[in-house]
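> Based on what follows, work out the 3D shape:
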Amino acid sequence: MFDERQRADTIRRISWRLLPFLMLCYFAAYIDRSNISIAALAMSADLKMTAEMYGIAAGLFFITYTIFEIPSNLALVRFGARRWIARIMLSWGVVAVLLGFVNSHWQLYGVRLLLGAAEAGFTPGVIYYLSLWYPARERGRAMSFFYIGAALASVIGLPVSGLLMKLDGVGNIAGWRWLFMIEGLPAVLLGALVLVCLPDSPATGTFLSPEEKTWLARTLAADHAQQGPEHSHDWRPALRSGRVWALAMVWLLQAFGTIGVTLFMPLLIKSMSGGDTLLVGLLSALPFLLACILMYANGRHSDHTGERALHLGLPLLLSGLLLAGSILVARTGASVAAYGLLIAAVGLNWAATPVFWAATAGQLSGAASAAGIGLINAMAQFAGMGLPP
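Residues are numbered from 1 along each chain as shown. Just a heads-up that it's a prediction; the model follows:
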């Protein structure tokens, strides 16, 4: 009989083995998709780009990212997590480096499209992968640690990006080119490490004992037994499920705020504060530091209570109200107060994220899970396409 201490030890062993590495991978992914916001000011001047051209370049990423989300997740099921996640990271790392070599806005458009195609499937793939390892009652914390990687990319990555911009002129190379070339390399290195460090499933995880594997398989099977048609080895029922489409609409609405803030907050802060590039990066990082704290706290409390809906809905509601308040206060010229409200709004918006995916993974499994998670995350990318230039 598996007691509570053994259960906790097993989950702890899984978490220490998987989550720090996956968090680091997401850290690299988030930097490579969003560092264009730090490079925007100098890059636009060098490439003679208007604000409209920058908006197009930023949004093109999401077109190919959306198109390839579901096929990529299904490929992960077919070829295994280890090989497919490694493929994703290696290809996006190479393409991210290529951003440092573009010489026109047309070349930038092409490479951004390639970057979206290369990175497609990483986030939903890891979410699906974590659902293979964590029982339903443990997924809030697991998802929060994974998403902390993205938030840390803003806490640490944005200031580092600002520092890399200071390399402007070294070797007669523009700072924004150094930024893309240097920040693309970690994804290549991590992709190679995935092949060594990431087991495909609990069945191939050498760090678990046979007893732990048996307990985990039984627990996950019990979770799956409570699910409906979205628990299937056939991926097509998930795409016809009204529940999946409802979740996709929730995630799309949440993403409008998240993606818009990620891409444009550095520009907005610079226009308000008049600070230099490094200061812009530091001010942009603060909301995401709060996001790290709130994601873990909300995910942990949701797991502890077993409640998902309130832990998802309340942070999103408060975030929307605070964001609206920030806009209204900014119109009065009280920029410090507006910035404070923005910090809280961003933190609460992110706090809902791990709970959303824990709730979603609890309703999907098998190939239907891969397709459903891919669809939900793909829908959210329409927020990126719809951003104004």
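
> can you pull out the helices in the stretch 151-300 of the chain?
Ranges of helices within the stretch 151-300 of the chain are 158-165, 175-197, 210-225, 236-240, 242-273, 277-305, based on DSSP state H, counting those that start in this stretch.

> Deepest in the core, which of those helices is it.
Comparing these by mean neighbour count (mean count of other C-beta atoms under 10 Å), helix 158-165 comes out on top with a mean of 22. All C-beta atoms are positioned from the backbone trio N, CA, C, and that covers glycine.

> tell me the angle that one makes with helix 277-305.
150 degrees (axes from the mean of the first three to the mean of the last three C-alpha atoms, to 10 degrees).

> can you give me the angle helix 158-165 makes with helix 175-197?
130 degrees.

> which strands and helices sit next to helix 158-165?
Counting contacts by 3 or more C-beta pairs under 8 Å, 6 or more residues apart in numbering; DSSP states H and E, helix 158-165 is packed against helix 36-46, helix 175-197, helix 277-305.

> Export these to CSV and append columns for mean pLDDT.
Listed next are these as CSV, based on pLDDT from 0 to 100:
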stretch, mean pLDDT
helix 36-46, 86
helix 175-197, 93
helix 277-305, 85
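
> shaky segments in the stretch 1-150 of the chain?
1 (pLDDT under 70).

> Walking through it, point out its helices one by one.
According to DSSP H, counting those that start in this stretch, the helices that the stretch 1-150 of the chain contains are 4-34, 36-46, 51-67, 69-79, 81-98, 105-119, 122-131, 139-152.

> and P354, which of those is closest to it?
helix 139-152 (3.6 Å; C-beta to C-beta).

> what angle separates that closest one from helix 122-131?
Using the same axes, to 10 degrees: helix 139-152 against helix 122-131 is 150 degrees.

> Helix 139-152 packs against which elements?
helix 4-34, helix 122-131, helix 277-305, helix 335-361.

> I36 contacts G55, correct?
No. With contact defined as C-beta atoms under 8 Å, I36 does not reach G55; the gap is 10.9 Å.

> who has more neighbours, the two?
I36 (22 against 17; other C-beta atoms under 10 Å).

> Could you measure from that one over to L60?
Distance of I36 to L60, given as C-beta to C-beta, to the nearest Å: 11 Å.

> Ok, P124 next?
Distance of P124 to L60, computed by C-beta to C-beta: 20 Å.

> and the two? which has more neighbours close in?
P124 (27 against 21).

> mind listing what that one touches?
Neighbouring residues of P124 by C-beta atoms under 8 Å, 6 or more residues apart in numbering: E69, S72, N73, A370, I373, G374, I376, N377, A378.
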